[in-house]
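**Student:** heads up, no residue letters with this:
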């Protein structure tokens, strides 16, 4: 049986993956709306997870790995948005 903290981390990982898909849809022109609401909710969830004191060492390591992955995606998304704003890149061939 999975520990409750593992379930929280699984859900957080799924949320990151879903956010990545939403940004890919946005950058490929499938929608005109940035997934800001979802992005803010995931950042809030990350802060909440960092406040949990009952993580084992392995769970803490996994959380840090997920946070690093989210930060790498954030940097990529910001870079793409900046390129779009500066006219150096178009969204989805539009």
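**Tutor:** Nice, I can see it. These numbers were taken from a predicted model, which means no experiment stands behind them. Residues are numbered from 1 along each chain as shown.
**Student:** any weak-confidence spans in this structure?
**Tutor:** For the chain, the stretches with pLDDT under 70 are 93-94.
**Student:** so where do the helices sit in it?
**Tutor:** Using DSSP state H, the helices of the chain run over residues 4-27, 36-50, 57-85.
**Student:** out of these, deepest packed?
**Tutor:** Across those, averaging neighbours per residue (mean count of other C-beta atoms under 10 Å) puts helix 4-27 on top, at a mean of 16. Heads up, the C-betas are built off the backbone N, CA and C, glycines and all.
**Student:** packing partners for it?
**Tutor:** helix 36-50, helix 57-85 (3 or more C-beta pairs under 8 Å, 6 or more residues apart in numbering; DSSP states H and E).
**Student:** next, the angle from the first one to helix 57-85.
**Tutor:** Put plainly, it is helix 36-50. Helix 36-50 runs at 150 degrees relative to helix 57-85, counting by axes from the mean of the first three to the mean of the last three C-alpha atoms, to 10 degrees.
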